[in-house]
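Peer 1: when you get a sec, could you give me coordinates for this:
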Amino acid sequence: MLAMSIEPENRTLRVELDLVVGAEPIRGRIRDHVGVETAFSGWLELMQIVDRVRSTR
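Peer 2: A predicted model of the protein is given here:
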């Protein structure tokens, strides 16, 4: 008898990030894996977008 253990697959999510150089606070746009572009201003908004993209995949 052969026993096998299957580990969850490590998946990679690709996003594209455009930053405005020198902006304070951090500002730019992020494009998700299907090309939806969202603007952000500040670290909190950036992290919220990343979390949203990560959870919808």
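
Peer 1: how far does stretch 17-24 stretch from one end to the other?
Peer 2: For stretch 17-24, the first-to-last residue distance is 16 Å (Cα to Cα, to the nearest Å).

Peer 1: ok, for Ser41, nearest residue in space, not its chain neighbours?
Peer 2: Among residues not flanking Ser41 along the chain, Arg27 sits closest, at 4.7 Å (Cβ to Cβ, 6 or more residues apart in numbering). (Glycine included, C-beta is placed from N, CA and C.)

Peer 1: how about the contacts made by that neighbour?
Peer 2: 19-20, 39-42 (Cβ atoms under 8 Å, 6 or more residues apart in numbering).

Peer 1: can you tell me which residue is nearest the centre of the protein?
Peer 2: Val50 (3.7 Å; Cα atoms, centre = their mean).

Peer 1: so which strand or helix has that residue?
Peer 2: Using DSSP states H and E, Val50 sits in helix 43-56.

Peer 1: so which elements touch that helix?
Peer 2: Other elements packing on helix 43-56 under the criterion 3 or more Cβ pairs under 8 Å, 6 or more residues apart in numbering; DSSP states H and E are strand 27-31, strand 37-41.
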